[in-house]
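*Asks:* from the sequence below, what's the structure:
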Amino acid sequence: QMMRVTVGDCEVIALAVVVYALAGALVEAVPGAPTHLRVEYMDSPQGVDVEHPRFSWTPQHSARAQSQSAYTLEVVETDTNTVVWNTGKVTSEMFVNVPYGSSTNLQSSTHYTWRVMYFDASGSPSSWSSNTTFTTGLLSSDWSGAMFIGGFELLRGTISLSSTRSVRRAFVHIVGLGYYKLYVNGVRTSDHELGPFTTFTQRVYYDTWDVTDQLNLATDAVIGVHVGNGWYAQPSVHVGKPCALVKLVVTYTDGSKTEFVSSTEWKGHNGPVVMNDIYAGETYNSNLEVPDWSAVDCDETSWSSVVEVPPPSKNVTISSHAVTPPIHIAESYTPCNLYQSSPGVFVFDFCQNMAGFVTLRVPAGLATEKNVNISMLHAEAVHGPPPASIYHHYSNTAEIVTYITSGDGVAIEYTPLFTYMGFRYVQLTDYPGVPDFNTLTAHFVHTDFELTGDISFSDPNLNAVQHITRAASMSNFQNIPTDCPQRERRGWLGDAQLSSETNIHNFFMAAPYTSFIQQIQDAQDMATGSVPDCVPWYGHGAEPADPAWGSAFTFLSDHMYTYYEDDHVEREHYSSTRYHLESLIQTAAKDNLDGLLTYSLYGDWCPPSGCHGPYATPRLNSALVSSYMYIKQLRMMAVVATRLGYSSDATRYSGLATSLSKVFNTHFYNSSGKFYNETGRPADAEYLSIQTCISL
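*Replies:* Next up is the predicted model:
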């Protein structure tokens with residue numbers, strides 16, 4: 001019990017602090033079990049095809065100002081309970097990206113369990129973490145015997161399993177171009193939406209799915225693949241026709257293995273998705289459904305043999321998609337408002353702008369008329385307050401999803417398979433009856449990255465800014481960072497570099513950016529070192545990129561070390577980022593501005609006076625912006641070169657950055673007005689304040 005002290009407040013406060021400190025000392029400070037266990041930045045990834053994957057965890061402790069002094073990590077082959085790696089006690093503060101270091105190599109198509117414990121600064125041990133898992137893909141990229149097959153929307157392969165041996169573990173490894181859904185014995189096995197957008201001739205991704213439960217009691221099985229156009233067969237890209245490459249690896253309880261691959265022995269059939277396009281939408285004709293098409297007992301009488309189709313290129317790299325999060329339905333929304341804008345035309349407002357699609361529901365007994373086109377038009381705006389009609393103002397992207405009824409009166413629940421839209425509003429027409437708030441559910445679809453940062457304010461307007469910023473970031477990450485979810489949907493590098501730190505402060509971006517940096521390298525012009533405006537590049541923008549756009553290659557690589565202390569990415573891509581920087585140096589040497597870079601496509605893109613079209617004349621502050629981004633990259637690469645031990649590069653780039661900074665200020669800084677702008681240039685440039693363009 002505290003006594004009242006009358007000699008002054010100072011003694012009272014001191015007494016309270018002492019009592020608080022003594023009470024805290026009674027609680028033992030102990031290290032907690034590590035959490036957030038990851039392999040290659042991923043939580044329990046399936047299909048890791050890295051021979052020496054990196055392990056990360058987060059130490060926990062009940063006390064402040066603690067640190068890790070050592071760790072012990074153990075990896076076990078799950079099905080045989082064989083320890084393949086036990087590090088013993090390793091003296092190290094490192095708990096991010098610890099590489100697999102066992103003399104026992106990881107095996108392809110295998111399930112592993114791992115755990116870790118650590119020792120705090122005083123040497124006290126934590127308890128073991130909870131067990132977590134990862135599975136390996138095809139470590140040697142062995143697709144021998146497997147064919148890319150296609151020619152039909154629905155593909156199925158029948159498999160005969162051993163009747164005398166039990167299945168211990170089974171994995172399907174699959175490339176689906178452009179998009180795909182995987183089924184085993186009539187049940188959808190894949191849980192992703194959409195799919196990757198890559199420089200397909202350079203790289204495609206495969207997924208790995210554990211199908212042990214579906215095959216455990218079976219002697220005959222069917223693998224079904226439903227393919228859609230995606231980007232691969234979209235007219236503006238059009239690398240090839242929809243196809244699949246499949247390999248099933250079955251391990252029996254006696255340790256023996258059997259492999260089944262996609263081949264011309266598979267069967268194909270046309271399906272109900274009669275139109276699907278990234279921009280246009282999807283049309284689903286329920287009259288063309290094939291009942292139980294991926295089940296064992298499906299009648300194959302009307303099915304035909306599939307055809308072998310050529311791969312995207314002879315030397316295409318097939319990489320595991322396990323290194324980056326898939327696209328999932330992240331949030332679902334019921335309408336906040338529903339009204340009729342004109343007879344038979346209903347507008348649903350979901351009070352959230354998003355990238356995704358909607359689920360349509362029609363109760364049993366309503367859809368009794370055949371070939372009714374129930375249509376859903378998506379848009380981000382309406383012409384005014386209710387009952388205003390929907391305002392779809394993008395002429396190049398229809399964003400219409402249509403469901404064609406069979407007339408059997410059976411309840412309908414349909415979600416598009418191979419497209420997505422950018423929208424808040426949906427206009428529903430030709431619905432058989434009067435819709436209600438359960439008729440449509442909107443799904444927000446994006447790369448499934450983890451939320452790691454948040455901020456809130458007493459001002460609701462600032463909270464709204466944070467909300468829409470995060471929503472825009474999520475809408476614009478569909479395997480790659482994009483510029484918009486409704487119109488172009490392309491990987492513009494200017495948008496990627498500008499939004500990168502915002503994304504990093506909100507989400508765990510290590511895996512997505514590791515993947516995208518590789519994509520930039522895949523798109524690099526190996527003859528010149530330049531990179532394009534858009535990645536993947538299929539004609540959007542230009543090549544070489546505007547220097548501010550191409551800077552994404554350097555910036556994102558730097559961010560991986562700055563924010564995640566990952567120098568592996570910098571090392572892996574150093575020669576490529578260096579090659580890109582050298583292309584800028586060569587371009588600047590040809591320009592006539594004392595070594596500064598005048599090459600520009602967009603200049604001060606979207607300044608306060610309004611956006612100016614690409615290649616417009618004049619381009620505002622073009623040399624200023626290009627030179628600024630050029631010098632910034634020189635400085636970044638000088639630091640990277642120092643860190644990686646390339647001393648001559650470091651000296652050269654640092655020297656260039658220092659000398660060009662002086663030239664930059666000589667040409668562009670107005671000391672009396674304390675602003676930057678271009679003078680004596682063709683562009684009648686706007687002023688850029690010091691807050692906009694920091695003095696170099």
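
*Asks:* where's residue 589 relative to residue 582, distance?
*Replies:* 11 Å (CB to CB, to the nearest Å). The way it works is simple: take the backbone N, C-alpha and C, and place the C-beta from them, glycine included.

*Asks:* for residue 443, same thing?
*Replies:* From residue 443 to residue 582 the distance is 45 Å (CB to CB).

*Asks:* who has more neighbours, those two?
*Replies:* residue 443 (21 against 15; other CB atoms under 10 Å).

*Asks:* what does the residue nearest to the spatial centre of the chain show for phi and psi?
*Replies:* What sits nearest the mean C-alpha location of the chain, by CA atoms, centre = their mean, is residue 479, with 3.2 Å. The phi/psi pair for residue 479 (degrees, to the nearest 10) reads phi 80, psi -40.

*Asks:* pretty sure it is touching residue 449, no?
*Replies:* No - counting by CB atoms under 8 Å, residue 479 does not reach residue 449; the two are 11.1 Å apart.

*Asks:* just the helices in the stretch 551-696 of the chain please.
*Replies:* Ranges of helices in the stretch 551-696 of the chain, per DSSP state H, counting those that start in this stretch, are 552-564, 567-590, 622-644, 647-668.

*Asks:* centre of the chain to the third one, how far?
*Replies:* Taking the mean of its C-alpha atoms, helix 622-644 sits 27 Å from the chain's own mean (CA atoms, centre = their mean, to the nearest Å).

*Asks:* swap in the shortest one?
*Replies:* Computed by CA atoms, centre = their mean, the separation of helix 552-564 from the middle of its chain amounts to 16 Å.

*Asks:* check residue 672 and give its pLDDT.
*Replies:* On the pLDDT scale, residue 672 is placed at 87.

*Asks:* so which other helices or strands are in contact with the helix or strand hosting residue 402?
*Replies:* In this structure, residue 402 sits in strand 400-404 according to DSSP states H and E. Here strand 400-404 touches strand 281-285, strand 345-362, strand 373-379, going by 3 or more CB pairs under 8 Å, 6 or more residues apart in numbering; DSSP states H and E.

*Asks:* that strand pairs with which strands?
*Replies:* Applying DSSP bridges, strand 400-404 is found paired with strand 281-285 (parallel), strand 373-379 (antiparallel).

*Asks:* next helix or strand past the first one?
*Replies:* Toward the C-terminal end, the helix or strand that comes next after strand 281-285 (DSSP H and E) is strand 304-305.

*Asks:* following the chain onward from that next one, which element is next?
*Replies:* strand 307-308.

*Asks:* so how far is residue 485 from the nearest residue to residue 45 once chain neighbours are set aside?
*Replies:* Spatial nearest neighbour of residue 45, excluding adjacent residues (CB to CB, 6 or more residues apart in numbering): residue 322 at 4.1 Å. Between residue 322 and residue 485 the distance is 25 Å, computed by CB to CB.

*Asks:* higher neighbour count, these two?
*Replies:* residue 322 (27 against 24).

*Asks:* and the more buried one, which of the three is it?
*Replies:* helix (DSSP: H, G, I helix; E, B strand; the rest coil).

*Asks:* got it, and residue 494?
*Replies:* Going by three-state DSSP: residue 494 is helix.

*Asks:* the nearest residue to it once chain neighbours are set aside sits in which helix or strand?
*Replies:* Among residues not flanking residue 494 along the chain, residue 549 sits closest, at 4.1 Å (CB to CB, 6+ apart). Here residue 549 sits within helix 547-550, counting by DSSP H and E.

*Asks:* what do you get for residue 182?
*Replies:* strand 179-184.

*Asks:* now that strand: average pLDDT?
*Replies:* 98.

*Asks:* quick one: strands adjacent to it?
*Replies:* strand 187-188 (antiparallel), strand 220-228 (antiparallel).

*Asks:* residue 259 is nearest to which of those?
*Replies:* strand 220-228 (12.5 Å; CB to CB).

*Asks:* pull the CA atoms of that closest one into CSV?
*Replies:* Below are the C-alpha coordinates for strand 220-228, written out as CSV (Å, rounded to 0.1, in the frame of the first residue of the first chain):
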residue,chain,number,x,y,z
ASP,A,220,-8.3,-45.1,-61.1
ALA,A,221,-8.1,-41.3,-61.2
VAL,A,222,-8.7,-38.4,-63.6
ILE,A,223,-6.8,-35.2,-63.8
GLY,A,224,-8.9,-32.5,-65.4
VAL,A,225,-7.7,-29.1,-66.6
HIS,A,226,-10.0,-26.3,-67.6
VAL,A,227,-8.0,-23.7,-69.6
GLY,A,228,-8.8,-20.2,-70.6
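
*Asks:* how far out from the middle of the chain is that strand?
*Replies:* Distance, centroid of strand 220-228 to centroid of chain: 25 Å (CA atoms, centre = their mean).

*Asks:* what of stretch 425-436?
*Replies:* That offset, for stretch 425-436, works out to 33 Å (CA atoms, centre = their mean).

*Asks:* list the buried residues of that stretch.
*Replies:* 425-428, 431-432, 435 (16 or more other CB atoms under 10 Å).

*Asks:* ok so, going back, deepest of the strands paired with strand 179-184, which one?
*Replies:* Mean neighbour count (mean count of other CB atoms under 10 Å) peaks for strand 220-228 among the strands paired with strand 179-184, with a mean of 24.

*Asks:* can I get the strands paired with strand 400-404 in a markdown table with mean pLDDT, mean neighbour count and distance to residue 59?
*Replies:* Output for the strands paired with strand 400-404, formatted as a markdown table (pLDDT from 0 to 100; neighbours: other CB atoms under 10 Å; distance: least, CB to CB, whole Å):
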| stretch | mean pLDDT | mean neighbour count | distance to residue 59 |
| --- | --- | --- | --- |
| strand 281-285 | 98 | 22 | 47 |
| strand 373-379 | 97 | 21 | 46 |
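
*Asks:* just put those strands in CSV and tack on distance to residue 606.
*Replies:* Converted to CSV, those look like this (distance: least, CB to CB, whole Å):
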stretch, distance to residue 606
strand 281-285, 29
strand 373-379, 23
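
*Asks:* nearest to residue 656, of those?
*Replies:* strand 373-379 (49.0 Å).

*Asks:* so which residues make contact with that closest one?
*Replies:* 281, 358, 360, 362, 367, 390-393, 398-405, 421-432, 440, 486 (CB atoms under 8 Å, 6 or more residues apart in numbering).

*Asks:* right, I'll call it a day here.
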